[in-house]
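Colleague: Need a 3D model of the sequence below.
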Amino acid sequence: MSEQNIEYERTKIQNQILDLEEKYMHIIENIVTSPIFLTDLKHIEEETQEYYELLQEVWGKKNKIKEASERLLRHHMYTSFPNATKFYASPISCDIALELEDIILNIDVKTIDKIGNKGELSSTQFEHNQTSFLNNPVLSAGSFPGFKVKSNLQAIDSKSQKPLLTYLVKIGYSDDGRGIFKLINEDDLPSIVVTCLPNGVLSNLFDNDLFLNFKDYVYFDEHDGIYYKPKYITSLDEFKNLSKINKFSRMEQVTDIPRDWERIESKTKVGYYDKEKNIVWYVVPKKKGKHWDIYLQAVKFGNTARFNDEWLEKRYNSKNEKWCGEHKYFKIYDSLISWGEKK
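Modeller: Below you'll find the predicted structure:
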């Protein structure tokens, strides 16, 4: 992994983008930590608590505040930038996309439940259509060169020639699924996280190496051809208690693994690499009724990439002045008490 290198020679456009990313990071932080924004968030909390059972019935999912939070941030962005020049028409964008005087502003909103997903409050994940950063292939092993990381967002808009800046706003909450819902306001978990993802033009300043791995994968199956038919291995209970070497032995005992397939492993995955077809096969758990089994399945591509958060934090502008590219806010709703007392 590589943090932003301030010793590399930079172009004029790179220096401009560095300063613009810092500028809009501070603007977005000021918006989402303002008393009026936080008050509106608390109204969402109160509405969710009051109509919890109805929301459970209507939406049928745990994340009951996703749409309302996106609507809230969109409202505050439009009111904060009343002179937004044009509607941004591209379907390849984040939840919010605005054309401003000097940039195309892209903001993705994520609402994260600490019950079951609290790790996502401290790790940064982005979809292919939400980043322009150009990363080297990741998770290489042996002769496997690694998975390509797709970045579909333009770094520079082809029509306006404005850079596309991308930001992530995460809002934490807790929902026990039985009627107790509240926004996070704790010492050890952030209430709100604001992250700036470096524009693709800046990729070489990070050695094209900011992504760690993938949250999930898209797999082939038998509909893609007989070669791709998943291979049953054993039950999850048996497999998870085996050492890595014994996992490979177990797979080779119960199914046909070609001799020229290379064993590969990472921190979280074991599998094989078919060099001739350039296909990786990973171990995948699948639920059958109440029972979990292990299959070996061919991978199409990684679906949601994870960034290295440590390197996202350490940012520098065109003057090599340090600023924070990822800011976590703890117990932020406490500020509403003092604000209310001052009014």
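
Colleague: Remind me which helix or strand the nearest residue in space to residue 282 that is not next to it in sequence belongs to.
Modeller: Nearest in space to residue 282, with sequence neighbours left out and distances taken as CB to CB, 6 or more residues apart in numbering, is residue 271 at 4.1 Å. Every residue, glycine included, has its C-beta placed from N, CA and C. Under the criterion DSSP states H and E, the helix or strand holding residue 271 is strand 270-274.

Colleague: avg pLDDT for the helix or strand following that strand?
Modeller: Stepping forward along the backbone from strand 270-274, the first helix or strand reached (DSSP H and E) is strand 279-288. If you average the pLDDT over strand 279-288, you get 94.

Colleague: which residues touch strand 279-288?
Modeller: In this structure, residues lying in contact with strand 279-288 by CB atoms under 8 Å, 6 or more residues apart in numbering are 144, 147, 217, 219-220, 230-231, 233, 236, 239, 247, 251, 261, 264, 269-274, 292-299.

Colleague: now the helices for the stretch 151-300 of the chain?
Modeller: 236-239, 244-254 (DSSP state H, counting those that start in this stretch).

Colleague: who's in contact with residue 151?
Modeller: Applying CB under 8 Å, 6+ apart, the residues near residue 151 are 128, 131, 132, 133, 134, 135, 200.

Colleague: And the residue nearest the centre of the chain?
Modeller: Nearest to the mean C-alpha position of the chain, counting by CA atoms, centre = their mean, stands residue 125 at 1.3 Å.

Colleague: follow-up on the earlier one: which one of the helices of the stretch 151-300 of the chain lies closest to residue 334?
Modeller: Nearest to residue 334 among those is helix 236-239 (43.3 Å), distances taken as CB to CB.

Colleague: so where's the chain uncertain?
Modeller: Low-confidence segments of the chain (pLDDT under 70): 1, 59-62, 85, 337-343.

Colleague: ok, now with 80
Modeller: Across the chain, the ranges flagged by pLDDT under 80 are 1, 56-63, 82-87, 116, 118-119, 122, 177, 267, 308, 337-343.

Colleague: What is the helix ranked longest in it packed up against?
Modeller: Secondary structure assigned by DSSP state H gives helix 12-32 as the longest helix of the chain. The contact analysis (3 or more CB pairs under 8 Å, 6 or more residues apart in numbering; DSSP states H and E) places helix 12-32 against helix 66-80, strand 164-175, strand 192-197, strand 314-316, strand 322-324.

Colleague: For the fourth one, name the packing helices and strands.
Modeller: Counting by 3+ CB pairs under 8 Å, 6+ apart, the packing neighbours recorded for strand 314-316 are helix 12-32, strand 322-324.

Colleague: Next one: the residue nearest to residue 282 from residue 47, what distance?
Modeller: To residue 47, residue 271 is 46 Å away according to CB to CB, to the nearest Å.

Colleague: same deal with residue 296?
Modeller: 47 Å.

Colleague: Spell out which residues make up each domain of this structure.
Modeller: Structural domains annotated on the chain: 12-215+305-342, 217-302, as defined by automatic domain parsing.

Colleague: circling back to that earlier point, comparing residue 271 and residue 47, which shows the higher neighbour count?
Modeller: A count of neighbours by other CB atoms under 10 Å puts residue 271 above the other of residue 271 and residue 47, at 24 against 14.

Colleague: I figured that one hits residue 296, correct?
Modeller: Yes - counting by CB atoms under 8 Å, residue 271 sits close enough to residue 296 to count as a contact (6.7 Å).

Colleague: sorry, back to before: doesn't residue 303 make contact with the residue nearest to the centre of the chain?
Modeller: No - with contact defined as CB under 8 Å, residue 125 does not count as touching residue 303 (10.0 Å).

Colleague: Residues that sit against both of those two, list them.
Modeller: Contact with both residue 125 and residue 303 is made by residues residue 215, according to CB under 8 Å, 6+ apart.

Colleague: Just give me the neighbour total for residue 149.
Modeller: Residue crowding around residue 149 was assessed by other CB under 10 Å; the count is 23.
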